[in-house]
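Novice: I need the structure of the sequence given here:
(chains A and B)
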Amino acid sequence: MTSVDWFLLALQGLVVIFFIFLGVRSGGIGLGLWGGVGMLVLVFGFGLDPGEPPTSAILIIIAVISAAAAMQAAGGIDYMVQIASQALRARPKALNFVAPYVSYLLTILTGTSNTFFSIIPVINEVAYANKIRPERVLAGSTVANALGITSSPVAAATATMLPLVEVYGYDLVDVLLITIPASIIGILAMSIVMSRHGKDLDADKEYQRRVAAGEVQPPSVAAEITLLPHAKRSVAIFLTGVAAICIFGLFEGIRPTVAAEGGGVEPISVTPLIGMFMLAVAALILLLCQVKATDVPGTPIFKSGMVAMIALFGIAWMADTFIASNEDAIVQLLGDMAEQWPFMIAVAIFGVAALTTSQSAATRTMVPLGLALGIGAGYMIAMWTAVVGCLFLPANGTQIAAAEADTTGTTTLGKRVVDHSFQLPLQIAWIVTALVGIGIVWLFFGDMGAAPTAPTTTTP
Amino acid sequence: MRGWVVWVGIAVGLVVLIAVVAGVGGDDDTEETVSALEWADNVCGTVLVWRGEMESIVDGVRSSGRAGSSGSESGAQSPQGRSGSVRTGLEQALLATETMVEGIARAGVPDTPNGEDVADDLASWAEDAVDELEDAQDALEEDTDSTSEELERLSAAVGTIVEVYASGGQAVAEAAVEDPELLRALRESRKCDLLAEEVSS
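Specialist: Predicted coordinates for the structure are as follows:
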């Protein structure tokens, strides 16, 4: 690339950051609207081809929000809040630890972060009802959810990773034996810090302003919540839907098959299944819980979900337009850095994931490079967890949905693009996870680049 | 907890991580003499990873071609979609092959009578593969008004990717054919065994 190309790339990057900056300052759907303006500048000003709008994430938000809003209209959210409040009565702060692990588990079982959308409103409501600053739980859970990808046997990123390290004798079980314990400890460290992060709601000026302005109601006392007649039933239907998604996510063999690209058939992916199950859940709640369809769009969950959808549409579309045109240059830049200084490979993996917002791109490009640089395959598996860096910029669907769900205003997308609520838990989680992973490999795999399990054979 | 304390902790953690990575990785034997078995392990590992990447690239390009001939209308199946997937495949193949060049260079020189020549031959083969892929990329970038010429170029580009992929498995063994000591090391290396199995399958 010539210096002019690099200059243009930097300029386009600044345009993207500038419009994210304008978007997060205006908040709400402003994020999506400014993303649209950014698209105009990138396409008409710089001549870039428009990228792919985040269609799958938007469709999933629609389905999941329909189900969660129907459950809220049936009183199910109140019931869940009541149950959780009773369970957490002795130690409300336990939610700071429980929610991230539940989010992490959902991703492991389904191989996609998209399932997390379904529990964002629940986590927010339970945290708020227990007077816990929602940012602590929502931001931590969002990061834990993304970290689940490298611990999931059914994730696409794992499928990309496996052939690269199988050569060195690491099978799926070995990979998970490294990533799962490391992630569990990383999430624990993150949760400890997050449980003490930020002011309590009583002392938070923005929250107090919103309460004073009537923008948000003070949390209901769990004991005083009057349940609607079919609240429990709606929760049962909703949780059955989530459980079904997890079961179908984990066991490929029971999924319906569809035509494969290269001929033959393959199991349908989890993403459309989430849409089907969540819409069906919403329909069953309407049918069996005496909820009027017209009541659903009036719920707070529905409104925040629709705002999140518009915000995601504009901002993720703009980010994809920039990335699709510049991914090779970004990979080359960070790849050159890693070649020059191999000890920076973990930072390079994080950087590629951050600047491309793609875990699979970071896996596909940086892991082979690390192996070629002579870094042991086990250590590369440990550092691979750095692909969680895709949350570095606030352009991810789960981040936007979590920020929009939090009506207290504590979970934010930041004012200067990188100072969002997810940055602190992200940095703690990826560094601790990578370090613990390296420790596990050093202790249990004795990895110096050689295959740990493959026997040495002599062919005559 | 005070915010700056946490961020100082994170900065320290990052420095520790970089130091630990520096301690465990980055084995660079460029131009150094290493044992024949170590060289065989490093080179075959690098070529195996590269073959895995190339296999998925070739599959991706071929499946877009098959989809293109089936007559349906998704983006990847239109002429533009087909052209896009071949270009992407070429870019990915180039990146994977450049990574392999780096890996072969870092493997060093085997400690055998013809070790230096063998290492040079293998490095030349890998660099030639990069050149071929770059040439194919340049050819695709040239302007053309003719659809048939565009299709020919696409077809040639796909051919280049497949040829480079096919040549990769044999290259190590062919480079070492004049060096019995190195051939023995290739047979003793588990990774070279795996590579041989891959090539023959």
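Novice: Phi and psi next, for A:Val418.
Specialist: For A:Val418, the backbone dihedrals (degrees, to the nearest 10) come out as phi -100, psi 0.
Novice: So what's the residue count around it?
Specialist: Residues within reach of A:Val418, counting by other CB atoms under 10 Å in any protein chain shown, total 12. Any C-beta I mention is one placed from the backbone N, CA and C, and that applies to glycine too.
Novice: correct me, but it touches A:Leu393?
Specialist: Yes. Between A:Val418 and A:Leu393 a contact is recorded at 7.2 Å, counting by CB atoms under 8 Å.
Novice: Figure out the helix or strand that residue 105 lives in.
Specialist: All of this is about chain A. helix A:95-110 (DSSP states H and E).
Novice: please go with chain B instead
Specialist: B:Ala105 belongs to helix B:79-106, assigned by DSSP H and E.
Novice: Determine how far the longest helix anywhere in chain B lies from the middle of the whole chain.
Specialist: Within chain B, and with DSSP state H defining each element, the longest helix by residue count is helix B:36-69. Chain-centre distance of helix B:36-69: 7 Å, with CA atoms, centre = their mean, to the nearest Å.
Novice: what mean pLDDT does it have?
Specialist: On average, the pLDDT along helix B:36-69 is 79.
Novice: With stretch A:360-372 instead?
Specialist: If you average the pLDDT over stretch A:360-372, you get 85.
Novice: how about it, does it reach chain B?
Specialist: Yes. Judged by CB under 8 Å from any CB of the partner chain, stretch A:360-372 comes into contact with chain B at A:364-365, A:368-372.
Novice: next one: stretch A:160-170
Specialist: Yes. If you take CB under 8 Å from any CB as the test, stretch A:160-170 does meet chain B, through A:163-164, A:167-169.
Novice: Stretch A:249-258 vs chain B: in contact?
Specialist: No. Under the criterion of CB under 8 Å from any CB, stretch A:249-258 makes no contact with chain B; the nearest approach is 13.4 Å.
Novice: Kindly provide the whole-number mean pLDDT of that stretch.
Specialist: Rounded mean pLDDT across stretch A:249-258 is 88.
Novice: Flag every buried residue along it.
Specialist: A:249-250, A:255 (16 or more other CB atoms under 10 Å in any protein chain shown).
Novice: Show only the entries of these found in helices.
Specialist: A:249-250.
Novice: ok, the buried residues of stretch A:249-258 vs chain B, which is closest?
Specialist: Comparing the buried residues of stretch A:249-258 against chain B with CB to the nearest CB picks out A:Arg255 as the nearest, at 20.6 Å.
Novice: Just give the nearest non-adjacent residue to the closest one, would you?
Specialist: Closest residue to A:Arg255 apart from its sequence neighbours, by CB to CB, 6 or more residues apart in numbering or on different chains: A:Pro267 at 4.0 Å.
Novice: what about the one you found, neighbour count?
Specialist: Residues near A:Pro267, counting by other CB under 10 Å, number 17.
Novice: Could you double-check that it sits in contact with A:Thr257?
Specialist: Yes. The pair A:Pro267 / A:Thr257 is scored as a contact, 5.9 Å apart, by CB under 8 Å.
Novice: sec struct for A:Gln258, please.
Specialist: Let me fix one detail, which is that residue A:258 is Val and not Gln. The three-state assignment at A:Val258 reads strand, by DSSP: H, G, I helix; E, B strand; the rest coil.
Novice: Below-threshold pLDDT in chain B: ranges please.
Specialist: Residues of chain B that meet the criterion pLDDT under 70 lie in B:1-2, B:25-30, B:64-82, B:144-145, B:168-169, B:201.
Novice: Now with 80, please.
Specialist: B:1-3, B:24-32, B:60-86, B:140-158, B:161-178, B:196-201 (pLDDT under 80).
Novice: check contacts around the residue nearest to A:Glu215 when sequence neighbours are not counted.
Specialist: Distance criterion CB to CB, 6+ apart; nearest residue to A:Glu215, sequence neighbours excluded, is A:Thr407 at 7.3 Å. Shown in contact with A:Thr407 (CB atoms under 8 Å, 6 or more residues apart in numbering or on different chains): A:124, A:128, A:210, A:215-216, A:300, A:304.
Novice: One more: A:Val347?
Specialist: A:386, B:14, B:18.
Novice: So for the helix or strand encompassing it, mean pLDDT?
Specialist: According to DSSP H and E, A:Val347 maps onto helix A:345-356. Throughout helix A:345-356, pLDDT has a mean value of 89.
Novice: Heading C-terminal from that helix, find the next helix or strand.
Specialist: Assigned by DSSP H and E, the successor of helix A:345-356 is helix A:359-372.
Novice: Next secondary structure element downstream of that following helix?
Specialist: As assigned by DSSP H and E, the chain's next helix or strand after helix A:359-372 is helix A:377-384.
Novice: tilt between that following helix and helix A:345-356?
Specialist: Put simply, helix A:377-384 runs at 40 degrees to helix A:345-356, going by axes from the mean of the first three to the mean of the last three CA atoms, to 10 degrees.
Novice: just the angle between helix A:377-384 and helix B:36-69, please?
Specialist: Relative orientation of helix A:377-384 versus helix B:36-69 (the same axes, to 10 degrees): 50 degrees.
Novice: Taking helix A:359-372 as reference, get the angle to helix A:377-384.
Specialist: Using the same axes, to 10 degrees, the direction of helix A:377-384 lies 150 degrees away from that of helix A:359-372.
Novice: contacting residues around helix A:377-384?
Specialist: A:150, A:161, A:164-165, A:167-170, A:174-175, A:178-179, A:182, A:345-346, A:349, A:363, A:367, A:370-371, A:375, A:434, A:436-438, A:440-441, A:445, A:447, A:449, A:451-452, B:21, B:24-25.
Novice: Recalculate using a threshold of 6 Å.
Specialist: With contacts defined as CB atoms under 6 Å, 6 or more residues apart in numbering or on different chains, helix A:377-384 is touched by A:150, A:165, A:168, A:170, A:175, A:178, A:346, A:349, A:367, A:370-371, A:434, A:437-438, A:441, A:445, A:447, B:24-25.
Novice: Give me the contact status of stretch A:1-16 with chain B.
Specialist: No. Stretch A:1-16 stays clear of chain B (CB under 6 Å from any CB of the partner chain), getting no nearer than 13.1 Å.
Novice: Now flag whichever of the residues of stretch A:360-372 next to chain B is closest to chain B.
Specialist: Chain B has its nearest neighbour among those in A:Ala372, at 3.2 Å by CB to the nearest CB.
Novice: And whichever strand or helix holds A:Ile187, what's buried?
Specialist: A:Ile187 is part of helix A:172-194 when elements are defined by DSSP H and E. Residues of helix A:172-194 classed as buried by neighbour count (16+ other CB under 10 Å): A:174-191, A:193-194.
Novice: Show me what that helix is in contact with.
Specialist: Helix A:172-194 is contacted by residues A:96-97, A:100, A:136, A:140, A:144, A:147, A:150-151, A:153, A:381-382, A:385, A:425, A:428-429, A:432-433, A:436-437, A:440, B:6 when judged by CB under 6 Å, 6+ apart.
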